[in-house]
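Q: I'll drop the sequence and a predicted model, then ask my questions.
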Amino acid sequence: MVKILNRDNPILRRTAKQVLPKDIQSPRIKKVIRDMKAALDVEEDGVAIAAPQIGVSLRIFLISPKVFDIIESEKAPKKKSIARHIVCINPTIIKSSREKMTVEEGCLSVRYLYGNVKRAEKVRIRATDEKGKIFELGGSGLLAQIFQHETDHLDGMLFIDKATDLHDMPPETISGPRKFKQND
């Protein structure tokens, strides 16, 4: 089983390297993506993960299908999406709104510590998928937050570098269903 690194690991503070186009469909990159999915899928409250979090300093992040279920349930409760993981290789933020939102974030590499982070309300990224196709994806709210949080990981930054009002919130302190926060 692939382990998610904690905040003290120096790999999380490096700027991740670009994946060369010729390597995108290589067995190595396919394994990295499989390992990322496996690590993320066992985390009940995880919504995204970056390759450095599993010890691979490459510019890759992926978004869990849970995110799209959350977004859909806000629009139409009880409706489940059939989304799949979104793989983003060499992502760049190409557009951000001037409007900002302050959101509570957490991170799978900084377990049970949460804080408020100011993020752009809307963001558009350009990335390459696991088949080598370039795509653009825009989002607001949770999706915009994820784009920014994961891009920070690829640049060697953790949310705690930007957060205010940091506080512990271990799972045993939460009663009832756990609300998803940005836990990547």
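A: Yes, it's here.
Q: contacting residues around the residue sitting nearest the centre point of the chain?
A: Geometric centre of the chain, nearest residue: residue 48, 3.2 Å, by C-alpha atoms, centre = their mean. Taking C-beta atoms under 8 Å, 6 or more residues apart in numbering, we find residue 48 in contact with 40, 61, 62, 63, 64, 67, 146, 149, 150, 182, 184. Placement of C-beta: from N, CA and C, glycine included.
Q: surely the fourth one touches residue 84?
A: It stands for residue 63. No. If you go by C-beta atoms under 8 Å, residue 63 and residue 84 don't touch, sitting 9.7 Å apart.
Q: quick one, which of those two is more surrounded?
A: Between residue 63 and residue 84, residue 63 has the larger neighbour count (other C-beta atoms under 10 Å), namely 25 against 12.
Q: partner residues bridging residue 118?
A: Assessed by DSSP bridges, residue 118 has beta-bridge partners residue 102.
Q: against residue 148, how distant is it?
A: Noted for residue 118: a distance of 10 Å to residue 148, by C-beta to C-beta, to the nearest Å.
Q: mind jotting down where the strands sit in this protein?
A: Applying DSSP state E to the chain gives strands spanning 48-50, 60-63, 86-96, 100-107, 110-120, 122-128, 134-140, 164-168, 182-183.
Q: what's the burial count for residue 67?
A: Residues within reach of residue 67, counting by other C-beta under 10 Å, total 22.
Q: kindly apply the preceding question to residue 90 instead.
A: 19.
Q: please apply the same query to residue 28.
A: Residues near residue 28, counting by other C-beta under 10 Å: 11.
Q: helix or strand with the lowest mean pLDDT in this protein?
A: Sorted by mean pLDDT, DSSP states H and E, the helices and strands of the chain end with strand 182-183, the least confident at a mean of 58.
Q: remind me, longest helix of the protein?
A: For the chain, the helix with the greatest residue count under DSSP state H is helix 27-41.
Q: for that one, packing partners?
A: Packing partners of helix 27-41 (3 or more C-beta pairs under 8 Å, 6 or more residues apart in numbering; DSSP states H and E): strand 48-50, strand 60-63.
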